[in-house]
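Trainee: Sequence first, predicted coordinates after that:
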Amino acid sequence: MRMREKTKSMIHGKKGIYVVPNLLTSASLFGGFYAIIAAIQHHYEPAAVAILLSCVLDALDGKVARYTRTTSHFGTEYDSLSDLVAFGIAPGVLAFQWAMEPFGRLGWLASFMYVICGALRLARFNVQRSGDMKYFKGLPIPVAAGFVASSILFSAEVQGGFEGKPVLIIVLMYALSFLMVSTLDYFSFKELNLKKRKPFNLLVSIVLVLVVIAYKPRIMIFLISALYILSGIVLTAVRHERRRSLATRSHKMVTERESTD
């Protein structure tokens with residue numbers, strides 16, 4: 001009966017979509033849209049919170065789709081379009097309105113550089129999706145957006161961390177743009193399958209991280225984002241050194257074998 005309905009749907013050209021993951025994607029898109037409106041109205045902290053909520057929803061829609069086996073090509077494309085708005089355009093507009101507007105053209109060029117590098121990062125991710133999913137190539141755009149949003153909340157919490165320093169914001173935007181289109185390796189955490197048995201220490205570590213975030217969320221989210229951004233540089237250097245040492249060792253073994261022969 002199910003095969004008959006599927007065949008009939010294919011004949012008539014009707015294809016359905018999975019509702020739950022796409023609703024989460026729509027909610028993430030709404031968060032980005034709201035952040036743009038709030039930034040234009042100079043409500044920077046609500047805009048930053050909306051972007052961070054979009055980051056959470058973006059992580060959930062993929063997990064829900066995989067756990068419920070409701071992944072689809074439509075959902076993948078819709079998620080990319082939503083990400084471009086929520087994590088590309090929204091943080092670009094927010095950063096410009098918050099700190100870079102006095103610089104005029106230089107300011108909006110920095111915002112545009114962030115947006116276009118975010119779009120390139122998403123396009124590259126889509127065409128390289130079938131590769132090694134243990135690592136991302138380049139800084140993920142949700143992390144870049146989360147860092148921009150958390151910088152605003154951090155600045156408000158410490159009373160002027162970045163305020164009055166628009167040059168620093170411009171440098172950060174260009175740095176984030178470069179990191180997104182770079183070939184640095186970042187942990188993807190996609191192999192962290194929580195449905196399987198895990199060591200007890202993992203549960204303790206997760207609880208500790210949540211407690212620390214709950215204590216000072218505005219500060220800790222910023223610090224965690226910054227640490228993840230820096231981790232890509234360290235991870236890439238470590239993996240490069242490991243590959244170099246393996247290549248040296250292999251070359252040495254071949255040389256010794258040839259000399260023995």
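Mentor: Thanks, I have it.

Trainee: and the helix or strand hosting Ser177, how far from the chain's centre?
Mentor: The secondary structure element spanning Ser177 is helix 166-181 (assigned by DSSP states H and E). Here the centre of helix 166-181 is set off from its chain's centre by 15 Å, with Cα atoms, centre = their mean, to the nearest Å.

Trainee: Can you give me the buried ones in the next helix or strand along the chain from that helix?
Mentor: Scanning forward in sequence from helix 166-181, with DSSP H and E defining helices and strands, the next element found is strand 185-187. For strand 185-187, the neighbour count (16 or more other Cβ atoms under 10 Å) marks 185-186 as buried. (C-beta placed from N, C-alpha, C; glycine too.)

Trainee: Quick check: which helices or strands does strand 185-187 pack against?
Mentor: strand 135-137, helix 217-260 (3 or more Cβ pairs under 8 Å, 6 or more residues apart in numbering; DSSP states H and E).

Trainee: In terms of pLDDT, where does Glu77 sit?
Mentor: According to the predicted model, the pLDDT of Glu77 comes to 90.

Trainee: how near is it to Leu23?
Mentor: Here the criterion is Cβ to Cβ, to the nearest Å. By it, Glu77 lies 16 Å from Leu23.

Trainee: tell me the most buried of the helices and strands packed on strand 185-187?
Mentor: Relative to the other members of the helices and strands packed on strand 185-187, strand 135-137 carries the highest mean neighbour count by mean count of other Cβ atoms under 10 Å, namely a mean of 19.

Trainee: what are the pairing partners of that one, and which direction each?
Mentor: Applying DSSP bridges, strand 135-137 is found paired with strand 185-187 (antiparallel).

Trainee: Check what contacts the partner strand and list those residues.
Mentor: When contacts are taken as Cβ atoms under 8 Å, 6 or more residues apart in numbering, the neighbours of strand 185-187 outside the stretch itself are 134-140, 143, 228, 231-232, 235-236, 239.

Trainee: Could you identify the helix or strand that succeeds it?
Mentor: Scanning the chain past strand 185-187 towards its C-terminal end, the next helix or strand to appear is helix 200-215 (assignment: DSSP H and E).

Trainee: Show the average pLDDT along that next one.
Mentor: In this model, helix 200-215 has an average pLDDT of 79.

Trainee: buried set for that helix?
Mentor: Burial within helix 200-215, assessed by neighbour count using 16+ other Cβ under 10 Å, is assigned to no residue.

Trainee: roughly how far out does it sit from the chain middle?
Mentor: Average the C-alpha atoms of helix 200-215, do the same for its chain, and the two points are 21 Å apart (Cα atoms, centre = their mean).

Trainee: just the angle between that helix and helix 217-260, please?
Mentor: Orientation note: helix 200-215 sits at an angle of 140 degrees relative to helix 217-260 (axes from the mean of the first three to the mean of the last three Cα atoms, to 10 degrees).
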